[in-house]
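Student: I need the structure of the sequence given here:
(chains A, B, C and D)
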Protein chains: 2
Amino acid sequence: MTEQNPLSRQQLVAGAADMIRRRGLNATSIREVAKHAQTPLGSTYHYFPGGKQQLATEAVRFAGDAVARMLDKELRAGPVEGLRAFLALWREIITSTDFQAGCPVLAVSIEEHAADERPAVLAAAAEVFNGWEAQLADSMRQHGADPQAAGQLATLVVAAAEGAVAMCRAQRSTRPLDQVSAQLEELTRTTVCN
Amino acid sequence: MTEQNPLSRQQLVAGAADMIRRRGLNATSIREVAKHAQTPLGSTYHYFPGGKQQLATEAVRFAGDAVARMLDKELRAGPVEGLRAFLALWREIITSTDFQAGCPVLAVSIEEHAADERPAVLAAAAEVFNGWEAQLADSMRQHGADPQAAGQLATLVVAAAEGAVAMCRAQRSTRPLDQVSAQLEELTRTTVCN
DNA sequence: GTCTATACGAAGATAGAC
DNA sequence: GTCTATCTTCGTATAGAC
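Tutor: Have a look, this model is predicted:
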């Protein structure tokens, strides 16, 4: 299993994640991803024999892992600090792109459709969401939160953050995310110090 | 300004809303919307000279108004009852379609992209989100909630519901929405009876 | 192994027949 | 006014030259 050209491969995955983040999955074409990574179109299918599905799946995991690594690091300072970092990351993503980028995991979750089958990219998205939730919930539990309450709140955090990011893009304002952040922080504080 | 064939027009808008709900904006083609409504392709451009943009914009408003009307009715029984109906609606949408449909307003919010311009469909999405928020917040205020807290909570409700619906689709489970619903209900109860 | 050239279908939009 | 046929562009994917 030779690893060909890992550099181009990684650029393709990162570029695909960025484009999905901005335009959604369907508007992200392999052609443009390859062009952006200065890679010939044919190479894309050499690196990713599974085509667009495979590239999109790896892009979702790539973006999910980046957030997970950040969470892992910031949660060491406590659940509230981790939460703040999580929310600040989304805020940075939407402001630094003038409200043009959001979350690629959410994007693939609402686009894929094939009545009978369950695409790999959707399964990857589910895993990413579950992973973030577990990281947040575990941290709260380790700081004295009720186990069940921690799980519920972690779900609320991820759902509210994802929804708020989308609303910010529609309204071209960080207000939704800022208002949601204040409430989630408050909730986390009271849940941890129970 | 003759109104041609209002029936076909409405079918096209409703069909477009349904398709956007399931597949997202980019994967929704005028061709298929017309086919589904048993209308010739050319007629679509007769009814909607603005093309896909116009059809999508009207579809977003159509879906948004349907929810707003339901909210208006259910909120008469109080903010908690209205919230329950709002959340139950989303639950019904995802379960009755086997997790294939979500919210068209969210879908257009994360897909459109054109660096310099601000598409009409995005503005419509922002208005719909703001409208739902205002309805929920006003109801809470009318039942004794602190005005600012009501506004913040209404934003959290919409954001969390939208995000949870997307997570439910990815995980093929209503768990995210159910967990979020329980917490939003509790929060609304305490905010109203302050 | 790497990339150019191309096959094939479907998209948005319109011209022009009825 | 209503719809068919078509223009043009772009999508995924691949065949085959280097």
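
Student: Residues contacting stretch A:19-39, please?
Tutor: Residues from elsewhere that reach stretch A:19-39, judged by C-beta atoms under 8 Å, 6 or more residues apart in numbering or on different chains: A:8, A:11-12, A:15-16, A:40-41, A:43-45, A:51-52, A:55-56, A:59-60, A:63, A:93, A:97, A:100-104, A:107-108, A:111-112, A:121, B:23-27, B:110-111, B:113. To be clear about C-beta, it is placed using only N, CA and C from the backbone, and glycine gets the same treatment.

Student: and those residues near DNA strand C, which?
Tutor: Contacts with DNA strand C within the contacts of stretch A:19-39, counted by C-beta under 7 Å from any atom of the strand: A:8, A:40-41, A:43.

Student: Alongside DNA strand D, which residues does chain A contribute?
Tutor: So far as C-beta under 7 Å from any atom of the strand goes, chain A lies against DNA strand D at A:28-32, A:41-42, A:45, A:51-53.

Student: In helices, which of the contacts of stretch A:19-39 fall?
Tutor: If you go by DSSP state H, the contacts of stretch A:19-39 have A:8, A:11-12, A:15-16, A:41, A:43-45, A:51-52, A:55-56, A:59-60, A:63, A:93, A:104, A:107-108, A:111, A:121, B:23, B:110-111 in helices.

Student: Quick check: the residue of chain A nearest DNA strand C.
Tutor: Per C-beta to the nearest atom of the strand, A:Gly42 is where chain A lies closest to DNA strand C, at 2.6 Å.

Student: now that residue: how far from A:Phe48?
Tutor: Applying C-beta to C-beta, to the nearest Å, the value for A:Gly42 to A:Phe48 is 11 Å.

Student: Settle it for me: which of the two has more neighbours?
Tutor: A:Phe48 (20 against 8; other C-beta atoms under 10 Å in any protein chain shown).

Student: sec struct for A:Ala145, please.
Tutor: coil (DSSP: H, G, I helix; E, B strand; the rest coil).

Student: Count the residues that sit near it.
Tutor: 23.

Student: and if you look at A:Gln142?
Tutor: Neighbours of A:Gln142 using other C-beta under 10 Å come to 13.

Student: likewise A:Leu136?
Tutor: Counted with other C-beta under 10 Å, A:Leu136 comes out at 25.

Student: Now stretch A:123-142: average pLDDT?
Tutor: Stretch A:123-142 comes out with an average pLDDT of 98.

Student: Show me what counts as buried in it.
Tutor: By 16 or more other C-beta atoms under 10 Å in any protein chain shown, the buried positions in stretch A:123-142 come out as A:124-133, A:135-141.
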